[in-house]
Each structure stands twice: as C-alpha cells, then as structure tokens.
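Asks: Dropping a prediction and its sequence here:
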Protein chains: 4
Amino acid sequence: MGKGRLEAFSDGVIAILITIMVLEVHVPQGGDLASLRPLLPTFLAYVMSFVYIGIYWNNHHHMFHVVERVGGSVLWANLHLLFWLSLVPFVTNWMGDHHADALPTAIYGGVLLMAAMAYTLLQNTILAHEGPDSMLARAVGHDWKGKLSLALYVAAIPLAFVNAWFADALYATVALIWLVPDRRIESRVNR
Amino acid sequence: MGKGRLEAFSDGVIAILITIMVLEVHVPQGGDLASLRPLLPTFLAYVMSFVYIGIYWNNHHHMFHVVERVGGSVLWANLHLLFWLSLVPFVTNWMGDHHADALPTAIYGGVLLMAAMAYTLLQNTILAHEGPDSMLARAVGHDWKGKLSLALYVAAIPLAFVNAWFADALYATVALIWLVPDRRIESRVNR
Amino acid sequence: MGKGRLEAFSDGVIAILITIMVLEVHVPQGGDLASLRPLLPTFLAYVMSFVYIGIYWNNHHHMFHVVERVGGSVLWANLHLLFWLSLVPFVTNWMGDHHADALPTAIYGGVLLMAAMAYTLLQNTILAHEGPDSMLARAVGHDWKGKLSLALYVAAIPLAFVNAWFADALYATVALIWLVPDRRIESRVNR
Amino acid sequence: MGKGRLEAFSDGVIAILITIMVLEVHVPQGGDLASLRPLLPTFLAYVMSFVYIGIYWNNHHHMFHVVERVGGSVLWANLHLLFWLSLVPFVTNWMGDHHADALPTAIYGGVLLMAAMAYTLLQNTILAHEGPDSMLARAVGHDWKGKLSLALYVAAIPLAFVNAWFADALYATVALIWLVPDRRIESRVNR
C-alpha cells in the first residue's frame, strides 16, 4: 500500500483538529477589554494545544517522509494516534474553562500521555517493518526526546493535584523540547 | 477519470466526520469527576463511531487501491455512501444522549445498515466495471464479512426495542469483526 | 500554474461544506419519535443541499479533468464559486427552520442562482483560455443544462412568494436534471 | 523534504478556516426580512475575511509554486502563519457583533497585521534558503505590496479608536490592493 492516502487522511484530521479548537474560544458578549479578559486562560490553552498538534504534524511528516509503503497495522496504529489527538480540543477547552482545577489539568496531561504512547506505538509498528538498519531506525536512534516526554507527562499528572501550574509548566517544557529543531531525520536525508 | 480526486474528496469528508463528532462531547460545566461522569455514554458512543468511520476509511482505502479508473456512476455511488456516513455524528450524539431509549439505538443501527448497503452498492458498481477476474473481485470473494454485518444490523434493530444493550453488543461485534485484520486485498497485492 | 492545489483546496472546502450542514440538524431533546418529527423539514433541506453540493463537486471534477493549467483569474473565479457555495449551509438551515415562509425559500434559490452564475463564470474564464476547439468547449457545447437551471432558479424565486412548495419543486427539478448522468465530458475523454 | 504535504496541510487548514466562519453567521429566529437585517454587519465581516483568506491562499499557492524543497524552519514558519490565520474567524465574529466598537475593530486589524508579518517571515525564511537569484526572489522584488499592507494595518489600528469605519475602510483597501491581479510570479514562470 502506498502511503499517500494515509498522509492525506492524517493531514485532513490534524488540520481539522488544529482549526476547530478556535471555535471554542467563544466570542465575548461585550466589545470592550473587560469582556476579553476572561478568555485569556482559554486562549493560552489554545496556543499550547496548537503548538502540540503542530509538533505532532511535523513529526508525523518527518517520520512518513522516510517510509515507503505501509500495511494494515500501520493504518490502525495511525488511527489510534488520531483518536487520542481528536480528544485534544475537548480537554483543551475543559482545562481552559477550569484552569485552576486539578482534574481537567491532569486529564489534559493524560490525553497528551496517551497520544505520545500512541505515537511511540506507531513508530515501533513502522520500525518492525522497516528493520533496524532502515533510515528511520537510525534517525530515531534511542528516541530520548520521546522517552523524556513520556516521563514528564507521568510526573505532571500527579503534580496537577498539588498545583495545576506545576503541571502546566511541565506541559510547556515538553512542547519546548520538541520546538527546538530536531535535525535527526532531515540530516539523514541529506537534502 | 482518475481516482485521485475521488480519494481526496472522500478522505476530506471522512476526516471531517471522524473529527466533528468530538465537538458534540460538550465540555462539562464543572471541573470535578462528578461533572465528567454524565459524559460517559456519549464518549463510548463516540469511540464506537470513531472505530466504525475508521473501518470505512480503511476499507475504502483498500478497495480503491486496486481500482485504476472510475466513471460517473462510481462518483455517485461514493457520494451515496458519504451521505449515510454523514449522518453518523447525528445518530451518535442522539444515542449518546438517550442510550437507554430504544429508538435512538435502533436508528443508529439503521444508519449503519444503510451505510453498509451503500458500501456494498459502491463495491458492486466498481466490480461491474472491473469484471469478475479483476484483482478486486478475487480479493472481495464471497464477501462473507459484508453479508454477516448486514445480517447483524438487521437483527440488532428490532432487538433495540427489547433492550438497547443487546443492539449495542451487536454493533460492537460487527466493529470487532472488521477490526480483525483483513488480509484479502493486501495479500493479493503481494507487497 | 498546475491545477493540483486548486483541486485540492476546492475538494477541501466542498468536503467541509457538505459535512458541516449536518451539524445544524440538532440532536433532539427527547428519545422518541415525536421529538424526531420536527426535524423532518431540516433533514429534507439537508438532503437537497447535499445533492446540490455533490453535483457541484461532480461537475467541478469533470471540468478540471480536461484542463491542464490554470492562471490567476481562474483561481479567483473558483474562489468566487466557493463563496456562494459557502452560503448554502446557512440558507439550508434557515429554509429548514422556516420552510413555510417565502423569504428563506426565495433566498435559498437566490444563493443557488448566484452559485450557478459563478459556475458559468468559472467555466467561461477557463474556456477563454482553452479556446473554442478545446476538449472542454466541445464537451460543454451549448450548455443547455446550465441555461435551463438558471431559468428555473429565476422562475422559482418569485414563485416562492406564491407558495414555498412551488419553489421547492423547481429546486428539486434542477437537482434531478443534473443527477441524470451527463456523459458529455466522459464520452469525449474516451476512456 | 518535499513540499507536497506542507501544501496539503495548509490547504486543509485554510479551507477549514474559510468555511467555518460561516457557521457563526447564526440562522435568524424569524423568517422575514426584519430578522435578516441584524446579520448584515456579520455578513459583511464574513465577506471581507473570506476575501482575505482567499488572498492568503492565493499568495501561498503562488509562493510555493516556485519552491522545490522545504526544511524544518519553513514548516514552523508556515505553522506560525496558520496560527494567526486561525484567529481570523474569532475576530471576524467579534467585529461583526460589535462593529461600532473600537476594540474589536482594532484587534481585527491586529490579527491581520500579525498574519501579514508571519507571511513576510515565511517568505524571508524561504528566500534565505532559495538565495537572491532564485525565481522567488526576483518575483517578490521589493515587495511593495507587502510593505504597504503592513503600513496600512499599523495606521488602521489607532484609527479604529477614532472611528471604526476609518479602520474598516483601510482593511478593505488592503484587500483591494491584493485582489488586483499580481502577475509577478506568474509572469516569471512564463507559462
């Protein structure tokens, strides 16, 4: 099976997810600054989730760039990743509305954790087919970024019950880790 | 006519359908576990419909993989399938809100039944053009999965009026039948 | 300029339009047949608009199939068509909610008329570039379907003020005219 | 990295943005002309934003037409542009609801300004890679349209606090500047 439609379908789902989140930043009733201020937590949650979904799209793009053909198990592992990403708008809005509460912040981290595990599963499914000497295997290497992210999510979820801001800080940290350019795959491709 | 745009358009519609369903999982008013609990039936209905739409995309992907060119009748048979799939978010949310009621559960099955019949019609439209010796005809074979699914939907709809859970169990059974990897087309393609 | 991105962008917009209309078929409060019945006019309006948007996608697909390259004027004529189509969900829902009122029914026809004129304009913009001996020019011919549709819309709009059902019947007639397979372009391509 | 997926993802996001804005033009309660009239400002704001997003898609299309390969920095500069564009539906609806108020009108201009700066940044990121003798560099030239747009936005934002219509007039002026066909890239490609 060619990878074209898997990429197109994933692009479609991710494009919709990154866009519909903004529908939940509800237009304020008034036209002055005071009516805009309560939107700030929701807006910040939107920015963080936009960056996260952008990171997933970016990594997805890079990973499939070095894959040629995909089988049925990759299609399902990819849908599994898209399922967890599809919950991001829900948890983003819930956390935005209740940013001081522990549970929404913890569940936001739980969805990020599940998405990260789904991404790792997808990567392993592809690697099992590509083999340890493939370009992808060498590019991924020990995948310390992936492992560190999982560890930070696992730490953040209980911390949300101590103070939601601690968890938020860890979520932002993971985003920054991935925003720093990752040249692994690009440098292997030797454009 | 090439199949590229039909695939791209179908990918777009299916990607939107699988994503907008989550918009109806309304963000709860409160920030605690008690306010999350009423969402459980809606969430489970969302998961089942996500899997169903994923199965349709997967099968659609496999079917068109072995088709080269499509005529006007295939375009319309495909739009007919997309029409019934487009009703899935509506019936998912209705069933999620009224999971103990017979009618929403039965109508959910009715939409699944119509979608399955539309898929069979699309398959037959393509097969009429491809011929009985085509790769698709050999891959589809007797299509026992398709026939069994239709039979289970037909059984589930009246059962919903006995007990909605009986129907739900049958819907889940059909989903599981299709989740089990179907190697028919892939094995014929001999990657 | 290649036509690939124009097709992909149009597919995206049309796929979204055909799908988001269903979001306005609001999930009923109750779980019985009585709560489903008030949705019937909205549902029928949805079906008609689904067919209309399907027809536009189908014709768009066929037209661009025989075009190789597109210039800036085609990009804008295409966006102009998409603008009028983007109003279809709004007028569909308004007509569905007020199906006995003259104005929503007339404005529904007005949007269909503007979309049809925008399609004709797009076609003429392409034909001006392709020339009178092009495959598209020969396939379009005298375009009696397009001209008849415009005439029926122009007749339907004042008729809506006599009786909304007269206008609805004409809208359905135009849809049926286009649903009948149009082999003009396909037969020229000589698959 | 090939540019295909970047284009497909951007097309998806832009197609969704241009389409979901119409969801906020709420269907009126009544079926007569009086209930339609309050929608006029929202509708006009929708038309202007539709044109703006159409312009961005058009320019994006032209720019990437003459680019062959893209690196990670271009992916992120592109996502940065999409982020600001994703705020257009929100500010469009807010301005439509409060068209006489200074702040929504000023913030609408602020989002347009940020999007224009993000576009310039994306263009510069690509140019840094393509070099001063590239087809894109020659097509962009001194980019007076881009610079004039930035200047007009900067002028419009404080003017919104004098009179919202002054700012609206400048936003419309910028849109008209870009609607006038820009043959720079097309003429270089020498179709």
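Replies: Thanks, I have the structure now. What you are looking at is a predicted structure, and each value in this text was computed from that prediction instead of being measured. Numbers count the residues shown, from 1 in each chain, chains lettered A, B, ... in the order given.
Asks: Give me the nearest residue to A:Ala175, chain neighbours excluded.
Replies: A:Val51 (5.0 Å; Cβ to Cβ, 6 or more residues apart in numbering or on different chains). C-betas here are computed from N, CA, C, even on glycine.
Asks: name the helices or strands packed onto the strand or helix carrying that neighbour?
Replies: If you go by DSSP states H and E, A:Val51 is part of helix A:40-65. Contact here means 3 or more Cβ pairs under 8 Å, 6 or more residues apart in numbering or on different chains; DSSP states H and E; on that basis helix A:40-65 packs against helix A:4-20, helix A:72-86, helix A:88-97, helix A:102-130, helix A:164-179, helix A:184-189, helix D:4-20, helix D:72-86.
Asks: ok, and for the second one, which residues are buried?
Replies: For helix A:72-86, a neighbour-count test (16 or more other Cβ atoms under 10 Å in any protein chain shown) marks A:72, A:74-86 as buried.
Asks: Quick one: the residues you listed as JSON lines, columns for pLDDT too.
Replies: Below are these laid out as JSON lines (pLDDT from 0 to 100):
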{"residue": "A:Gly72", "pLDDT": "83"}
{"residue": "A:Val74", "pLDDT": "92"}
{"residue": "A:Leu75", "pLDDT": "91"}
{"residue": "A:Trp76", "pLDDT": "92"}
{"residue": "A:Ala77", "pLDDT": "95"}
{"residue": "A:Asn78", "pLDDT": "96"}
{"residue": "A:Leu79", "pLDDT": "95"}
{"residue": "A:His80", "pLDDT": "96"}
{"residue": "A:Leu81", "pLDDT": "97"}
{"residue": "A:Leu82", "pLDDT": "97"}
{"residue": "A:Phe83", "pLDDT": "97"}
{"residue": "A:Trp84", "pLDDT": "97"}
{"residue": "A:Leu85", "pLDDT": "97"}
{"residue": "A:Ser86", "pLDDT": "96"}
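Asks: how about JSON lines for those residues, with distance to C:Glu7 added?
Replies: Formatted as JSON lines, the buried residues of helix A:72-86 follow (distance: Cβ to Cβ, whole Å):
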{"residue": "A:Gly72", "distance to C:Glu7": "28"}
{"residue": "A:Val74", "distance to C:Glu7": "27"}
{"residue": "A:Leu75", "distance to C:Glu7": "25"}
{"residue": "A:Trp76", "distance to C:Glu7": "29"}
{"residue": "A:Ala77", "distance to C:Glu7": "30"}
{"residue": "A:Asn78", "distance to C:Glu7": "24"}
{"residue": "A:Leu79", "distance to C:Glu7": "26"}
{"residue": "A:His80", "distance to C:Glu7": "30"}
{"residue": "A:Leu81", "distance to C:Glu7": "28"}
{"residue": "A:Leu82", "distance to C:Glu7": "24"}
{"residue": "A:Phe83", "distance to C:Glu7": "29"}
{"residue": "A:Trp84", "distance to C:Glu7": "31"}
{"residue": "A:Leu85", "distance to C:Glu7": "27"}
{"residue": "A:Ser86", "distance to C:Glu7": "27"}
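Asks: Within reach of chain C, which of the residues you listed are there?
Replies: When Cβ under 8 Å from any Cβ of the partner chain is applied, no member of the buried residues of helix A:72-86 is adjacent to chain C.
Asks: Of those, which is the nearest to D:Ala137?
Replies: Checking the buried residues of helix A:72-86 against D:Ala137 by Cβ to Cβ gives A:Leu85 as the nearest, at 37.4 Å.
Asks: Verify the contact between that closest one and A:Ser10 for me.
Replies: No - in this structure, A:Leu85 is not within contact of A:Ser10 by Cβ atoms under 8 Å, at 9.4 Å.
Asks: need the residues of chain A near chain B, please.
Replies: Counting by Cβ under 8 Å from any Cβ, chain A sits next to chain B at A:1-2, A:5-6, A:8-9, A:12-13, A:15-17, A:20, A:23-24, A:69, A:71-73, A:75-76, A:79, A:82-83, A:86-87, A:89-90, A:93-94, A:97-98, A:100-101, A:103-104, A:107.
Asks: Worst mean pLDDT among the helices and strands packed on helix A:40-65?
Replies: The minimum mean pLDDT among those belongs to helix A:184-189 (a mean of 59).
Asks: Neighbours of A:Gln29, how many?
Replies: For A:Gln29, the number of neighbouring residues by other Cβ atoms under 10 Å in any protein chain shown comes to 8.
Asks: Mind checking what secondary structure it has?
Replies: coil (DSSP: H, G, I helix; E, B strand; the rest coil).
Asks: List only buried entries from the residues of chain A next to chain B.
Replies: Using 16+ other Cβ under 10 Å as the burial test, the residues of chain A next to chain B include A:1, A:5-6, A:8-9, A:12-13, A:15-17, A:20, A:23-24, A:72, A:75-76, A:79, A:82-83, A:86-87, A:89-90, A:93-94, A:97-98, A:101, A:103-104, A:107 as buried.
Asks: do you know how far the residue nearest to A:Ile55 when sequence neighbours are not counted is from A:Tyr108?
Replies: Spatial nearest neighbour of A:Ile55, chain neighbours left out: A:Trp178 (4.5 Å); criterion: Cβ to Cβ, 6+ apart. Counting by Cβ to Cβ, to the nearest Å, the gap between A:Trp178 and A:Tyr108 amounts to 17 Å.
Asks: got it, and A:Gly31?
Replies: 31 Å.
Asks: what sits against the nearest residue to A:Ala172 once chain neighbours are set aside?
Replies: Leaving aside its chain neighbours, A:Ala172 sits nearest to A:Met48 (6.6 Å; criterion: Cβ to Cβ, 6+ apart). By Cβ atoms under 8 Å, 6 or more residues apart in numbering or on different chains, the contact list for A:Met48 reads A:Thr92, A:Tyr171, A:Ala172, A:Ala175.
Asks: List just the nearest of these to chain B.
Replies: Set against chain B, the nearest of the contacts of A:Met48 by Cβ to the nearest Cβ is A:Thr92 (9.2 Å).
Asks: Just confirm that closest one contacts A:Met21, I think it does.
Replies: Yes - A:Thr92 lies in contact with A:Met21 (Cβ under 8 Å); the separation is 5.7 Å.
Asks: Comparing those two, which residue is more hemmed in?
Replies: Shown here are A:Thr92 and A:Met21; by other Cβ under 10 Å, A:Thr92 has more neighbours (27 against 23).
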